[in-house]
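J.: please find the sequence and the predicted model below.
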Amino acid sequence: MPELFIGGRWTAAVDGHVREIRCPADGTLVATVDEGGPKDSAAAVAAARDAFDRGPWPGTPAADRGRLLIRVADLLERDKDAFARAESLDTGKRLVESEYDLDDIANCFRYFGSLAASGGTDRAVDTGDPAVDSRVVHEPVGVCSLITPWNYPLLQTAWKVAPALAAGNTFVLKPSELTPHTAIGLMRLLAEAGLPDGAANLVLGTGPGAGAPLTTDERVDMVSFTGGLATGRHIMAAAAPTVKKIALELGGKNPNIVFADAEFDTAVDYALMAVFLHAGQVCSAGARLLVQEKLHDAFVDELVARARRIRLGGPFDEQARSGPLISAAHREKVEAYVAAGLDEGAVLRCGGRRPDDPALGDGFYYLPTVLDDCTPGMSVVRDESFGPVLTVERFRSEDEAVALANDTFYGLTGGVWTQDSGLAQRVASRLRAGTVWINDFHPYVPQAEWGGMKQSGVGRELGPAGLAEYQEAKHIWRNTAPRPQRWFE
Ligand code: NAD
């Protein structure tokens, strides 16, 4: 069965191209899928445009749109096992992590379904003139291009698809060319739930081939992108000539700050999880550990001892705690960052190479790596390596911790560990990041906004603001007693 979904029909790529999808854990062939290009993207945009301009979806009552999204959540729960397995085969991530993701994905659809059904934020405006009936209403933006990455393929897709549909938009989705399967599955569920033809369209293919046309086409009203900083800059520029609405969720180089009074065992435990979850391929990863000077030696010794014990393995190895990197090219990029860090004076405390275990030889594994004695100017500290690499810096005072933490062009997340709640609140309020965790790392809920300050992005996903991204506010002014004003006499 062909895998592009355009105007309610499954179709092959116009040029007949296909791509092999291989599991990063062992290189096995998962499937061969259609690989679209500019012509397929143009056809998908045409279908989405037609469905927006003429189709029933934008005019469907918000409560009905919400009910459909809640039905999608039910279907995702029904098919959870198949979706989790597909996600793990494409990404190489542990099955248990994909299962957590599937729960979050269903919750996301349920949340935006409820938000849509709750009636939204339309409001009456008091103009001071009793003859005027003034209202601000919220309408869909139009045709949205949704472009997503490979690290949390369906989760990042859900964060866009659910609010886009809740608001009444139509869309073209372009998932990462490396991880297409759960996006294909989602299209099936949207159709099964009763979404009208053309409201949801799927194009598979590379960024330059299938993605770029979605950012320049004048029939597209909005581009919502999650991915790397360089691609985000490129997309922002590509969308400028047609002045599209833009939402960008980009990278992070997130500080995890540990004060000397932190609860030791828990802080070590979370520092490991913060950076090594999913082999560090997490935008919110706590990849920069900032430890107060007097705790440094004991903390890093214990961290390194535990990091050495992290077992690597494929999606279905129940003993594994971390998996492979997504591709050979990505592993080489991570290796280059570690080599540069060592050249610049970092001290290797563990990892820094591929594992010896021959059973892992066909996958793109890299050992959990800790680099100590790092300084802010090092490229491995500054840039997102997006791998299992933790850099460690020391600080003495609260002010120094905040200054180091904010010494980055990113601003996605940050963590602070201390038993002093006043200190924790002060630091949390001074961090320039879209999410701050106190004595925790990584949790999020669909009710709370997610997004980045500085070069981590533009706009917010999730929460009420995540719905507002996909809406236009319109002011409707009705004069209930119009009379000639004779202003020209
Ligand atoms: P990427 O930028 O390489 O690709 C992301 C998507 O953009 C893919 O679908 C790709 O095909 C497409 N693309 C590439 N070039 C394009 C172009 N010129 N025009 C249109 N589309 C194009 O990112 P990636 O490697 O897939 O994902 C990893 C990055 O994503 C990391 O930087 C990570 O921090 C970021 N990320 C951020 C968040 C967040 O919430 N802020 C969440 C997940 C991932």
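T.: Sure thing, it's come through. Computed from a prediction, not measured in an experiment: that's the story for all the values here.
J.: list the buried residues for the longest helix anywhere in the chain?
T.: Of all segments of type helix in the chain, defined using DSSP state H, the longest is helix 95-117. By 16 or more other CB atoms under 10 Å, the buried positions in helix 95-117 come out as 95, 97-99, 101-102, 104-117. C-beta: built from backbone N, CA, C; applies to glycine.
J.: measure how buried the closest residue to the ligand within the stretch 1-150 of the chain is and give me the count.
T.: In the stretch 1-150 of the chain, the residue that lies nearest the ligand is Pro149 (3.1 Å; CB to the nearest ligand atom). By other CB atoms under 10 Å, 23 other residues sit near Pro149.
J.: likewise for Thr413?
T.: 28.
J.: alongside the ligand, which residues does this structure contribute?
T.: 147-152, 156, 174-177, 206-208, 211-212, 215, 226-228, 231, 234-235, 249-252, 283, 384, 386, 412, 452, 457 (CB under 6 Å from any ligand atom).
J.: inside helices: which ones of these?
T.: Using DSSP H, these in helices are 156, 212, 215, 231, 234-235.
J.: out of those residues, who's nearest Asp357?
T.: Gln156 (30.9 Å; CB to CB).
J.: so the closest one touches Leu146, yeah?
T.: No - Gln156 is not in contact with Leu146 according to CB atoms under 8 Å; the separation is 9.2 Å.
J.: helix or strand for the closest residue in space to Leu195 that isn't next to it in sequence, which one?
T.: Leaving aside its chain neighbours, Leu195 sits nearest to Leu68 (6.4 Å; criterion: CB to CB, 6 or more residues apart in numbering). Element membership of Leu68, judged by DSSP states H and E, is helix 62-78.
J.: now that helix - C-alpha only, CSV.
T.: Output of helix 62-78 as CSV, limited to C-alpha atoms (Å, rounded to 0.1, in the frame of the first residue of the first chain):
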residue,chain,number,x,y,z
ALA,A,62,-15.4,23.5,17.8
ALA,A,63,-17.1,21.0,20.1
ASP,A,64,-17.4,18.5,17.2
ARG,A,65,-13.7,19.0,16.4
GLY,A,66,-12.9,18.3,20.0
ARG,A,67,-15.0,15.1,20.0
LEU,A,68,-13.1,13.8,17.0
LEU,A,69,-9.7,14.5,18.6
ILE,A,70,-10.9,12.6,21.7
ARG,A,71,-11.9,9.7,19.4
VAL,A,72,-8.3,9.8,18.0
ALA,A,73,-7.0,9.5,21.6
ASP,A,74,-9.2,6.4,22.1
LEU,A,75,-7.9,4.8,18.8
LEU,A,76,-4.3,5.5,19.8
GLU,A,77,-4.9,3.7,23.1
ARG,A,78,-6.5,0.8,21.2
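J.: where does this protein dip in pLDDT?
T.: Along the chain, no part satisfies pLDDT under 70.
J.: residue closest to the middle of it?
T.: Gln156 (4.3 Å; CA atoms, centre = their mean).
J.: for that residue, give its distance to Glu177.
T.: Shown here: Gln156 relative to Glu177, a distance of 14 Å by CB to CB, to the nearest Å.
J.: tally of neighbours for whichever residue of the chain sits closest to the ligand?
T.: Here the chain gets closest to the ligand at one residue, Gly207, 2.1 Å apart by CB to the nearest ligand atom. If you count neighbours by other CB under 10 Å, Gly207 ends up with 19.
J.: just Pro376 next, same as before
T.: Pro376: 13 neighbours (other CB under 10 Å).
J.: equivalent analysis for Arg426, please.
T.: 13.
J.: same deal with Asp399?
T.: Asp399: 11 surrounding residues under other CB under 10 Å.
J.: over to Thr121?
T.: 14.
J.: Thr216 too?
T.: 18.
J.: and stretch 428-444, what's buried?
T.: Neighbour-count burial for stretch 428-444 flags 428, 430-439, 441-442, 444 (criterion: 16+ other CB under 10 Å).
J.: now do stretch 211-226
T.: The neighbour-count check on stretch 211-226 (16+ other CB under 10 Å) flags 211-217, 220-226 as buried.
J.: first vs last residue of it, how far apart are they?
T.: 12 Å (CA to CA, to the nearest Å).
J.: centre of the chain to it, how far?
T.: Stretch 211-226 has its C-alpha centroid displaced from the chain centroid by 17 Å (CA atoms, centre = their mean, to the nearest Å).
J.: contact partners for Ala166?
T.: For Ala166, the contacting residues are 62, 65-66, 69, 112-113, 115-116, 467, 470, by CB atoms under 8 Å, 6 or more residues apart in numbering.
J.: again, 7 Å this time
T.: 65-66, 69, 112-113, 115-116, 467 (CB atoms under 7 Å, 6 or more residues apart in numbering).
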